[in-house]
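In: Give me a model of this one.
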Amino acid sequence: MFNKTNGSTTPADTPKKTPTPTPRTSASVPSILASDLIITGDIKTDGDVQIDGRIDGNITAGNITIGEQGAVNGKIKATSVHVRGKVTGKVDAISVELAETANVQADLTQDQLMIANGAFFDGKCARKSGKPTASVVKAAE
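Out: Take a look at the predicted model:
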């Protein structure tokens, strides 16, 4: 019923493996900067960032979400930027979305721009590519 093995190795003799950190991918959970956090300086990452606090500096990231309580004073460079809070400075992204609670006093450079009814925007906006997208060309025909 019970078997005893006479192995030469015991659990204490076996080397312990330490887990290796896995590289972060864009599909992973975003880095969240809480509402009580104030950062003075630049942030650079390939991952996604959600900002609910205040950043006085430049941000470079994959996708950036600025929450309703979030505020950024500086340059933002990302693939996509979703603003529900306050941005002052410049935004450079492929896609920029300003929600109805957004307060943006910045110059935007983007390919796609969506501004919800009720959003505040004061600044210049310019298209990155200079060419209309396929959906705009079809609508014009």
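In: Now do the contacts for the closest residue to Gly67 other than its chain neighbours.
Out: Using Cβ to Cβ, 6 or more residues apart in numbering and skipping residues adjacent in sequence, the residue nearest Gly67 is Asp52, 4.1 Å away. Heads up, the C-betas are built off the backbone N, CA and C, glycines and all. Neighbouring residues of Asp52 by Cβ atoms under 8 Å, 6 or more residues apart in numbering: Ile32, Leu33, Ala34, Ser35, Leu37, Gly67, Gln69, Gly70, Gly85.
In: Just the pLDDT at Asp52, thanks.
Out: Confidence at Asp52, expressed as pLDDT, is 96.
In: check which helix or strand covers Ser35.
Out: Of the helices and strands defined by DSSP states H and E, none includes Ser35.
In: rewinding a little: buried subset of the contacts of Asp52?
Out: By neighbour count, with 16 or more other Cβ atoms under 10 Å, the contacts of Asp52 hold Leu33, Gly67, Gln69, Gly70, Gly85 as buried.
In: Among these, which ones are in strands?
Out: Using DSSP state E, the subset of these located in strands is Leu33.
In: for the buried ones among the contacts of Asp52, which one is nearest Ile115?
Out: Closest approach to Ile115 among the buried ones among the contacts of Asp52 (Cβ to Cβ): Gly85, at 14.9 Å.
In: quick check, Gly62 in a strand?
Out: Yes - assignment of Gly62 by DSSP: H, G, I helix; E, B strand; the rest coil places it within a strand.
In: Need the buried ones among the contacts of Asp52 in TSV (columns: pLDDT and distance to Asp107).
Out: Putting the buried ones among the contacts of Asp52 into TSV (pLDDT from 0 to 100; distance: Cβ to Cβ, whole Å) gives the following:
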residue	pLDDT	distance to Asp107
Leu33	92	23
Gly67	96	22
Gln69	95	24
Gly70	96	19
Gly85	97	18
